[in-house]
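> take this sequence and fold it.
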Amino acid sequence: MTLKTHIKTVKPEERELASKREEQATLEVELAERELRSANLRAELGAFERRYLHFVGVRYAELDELKAQIAERMAKEHPGVERLQQNARAARAAASETKSTAGENCNEEPVAFESSPEMKRLYREVAKRVHPDLTSDREDRNKRQQLMAEANEAYERGDESKLIRILTEYECSPEAVQGEGAGSELVRVIRRISQARGRLSEIEAEMQDLLRSDLYQLKSRLDEARRHGRDVLKEMVKKVEEQIAQAKRRLEI
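Next comes the predicted model:
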């Protein structure tokens with residue numbers, strides 16, 4: 001009895017497809033990690049900005065309001081002095097801008113952003129499967145963009161259940177079904193690789209913009225001071241409150 005060995009012929013496009021899939025998988029892991037770092041930085045800066053406005057911004061708004069009242073009173077007492085009229089208008093405009101920046105709803109103290117390991121793991125999984133730059137299909141891309149935006153919001157809120165629902169929703173959707181044929185699949189994978197590389201470049205540029213921002217520089221200075229035992233935010237609040245007290249005394253006089 002003759003034993004015949006059947007050797008399966010692997011087509012060139014199949015070998016290339018296997019190689020490209022490995023490259024795609026590596027890029028998807030890196031992209032998910034970069035997206036997580038970017039989301040983390042945005043969430044931290046957002047939380048810091050809310051805390052800053054809650055503690056310092058509202059006090060600056062109060063101080064600018066007092067300054068505007070002082071300037072308006074002086075302008076009223078000296079209606080013929082144009083310089084005082086201009087000062088009053090400028091002070092009122094500054095007070096309105098500061099009040100708008102500080103916001104009206106600052107009664108509750110915001111908390112600093114802190115993500116759990118499980119939240120980070122879920123976000124990575126969502127980014128790896130749902131990221132819009134990992135598809136070349138227009139309809140699928142639109143679907144992914146919507147889900148990724150929802151994932152970013154859920155991550156900032158610390159909503160684990162929402163991230164799980166997003167991942168489950170996409171995994172069960174028709175868009176997640178792969179096509180057949182090594183040749184066409186190879187083209188799709190190559191395009192996904194190109195899109196992933198493009199998104200990595202975009203994330204790097206976005207991160208650099210955030211790291212160069214005034215908000216990040218302020219946060220870094222306060223974080224560094226806190227590591228040395230100083231609460232700069234508290235010091236800033238104290239300084240502004242002293243200026244508020246002086247402005248109130250001046251207004252009373």
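> over to Ala112. Which of the three states is it?
Look at Ala112: counting by DSSP: H, G, I helix; E, B strand; the rest coil, its state is coil.
> distance of it relative to Glu16?
Distance of Ala112 to Glu16, given as C-beta to C-beta, to the nearest Å: 48 Å. Where you see a C-beta, it was placed from the backbone N, CA and C, and this is true even at glycine.
> of these two, who's got more company?
Applying other C-beta atoms under 10 Å to Ala112 and Glu16 shows that Glu16 carries more neighbours, namely 15 against 10.
> thought the more buried one was touching Leu186?
Yes. Contact criterion C-beta atoms under 8 Å: Glu16 and Leu186 qualify, at 6.0 Å.
> what sits up against stretch 129-140?
28, 31-32, 35, 141-142, 144-145, 147-148, 151, 166-167, 170-171, 175-176, 188, 191-192, 195-196, 198-199 (C-beta atoms under 8 Å, 6 or more residues apart in numbering).
> kindly recompute the last result at 6 Å.
Residues outside stretch 129-140 that contact it (C-beta atoms under 6 Å, 6 or more residues apart in numbering): 141, 144-145, 147-148, 170, 175, 188, 191-192, 195-196, 199.
> pLDDT for the residues you listed - can I get that in TSV?
Listed next are the contacts of stretch 129-140 as TSV, based on pLDDT from 0 to 100:
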residue	pLDDT
Arg141	85
Arg144	87
Gln145	88
Leu147	89
Met148	90
Tyr170	78
Glu175	56
Arg188	77
Arg191	77
Arg192	79
Gln195	80
Ala196	86
Arg199	87
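> quick one: buried ones out of these?
Burial by neighbour count, judged by 16 or more other C-beta atoms under 10 Å, picks out Arg141, Arg144, Leu147, Met148, Tyr170, Arg188, Arg192, Gln195, Ala196, Arg199 from the contacts of stretch 129-140.
> among the residues you listed, which one sits closest to Lys239?
For the buried ones among the contacts of stretch 129-140, the residue nearest Lys239 by C-beta to C-beta is Met148; the value is 41.8 Å.
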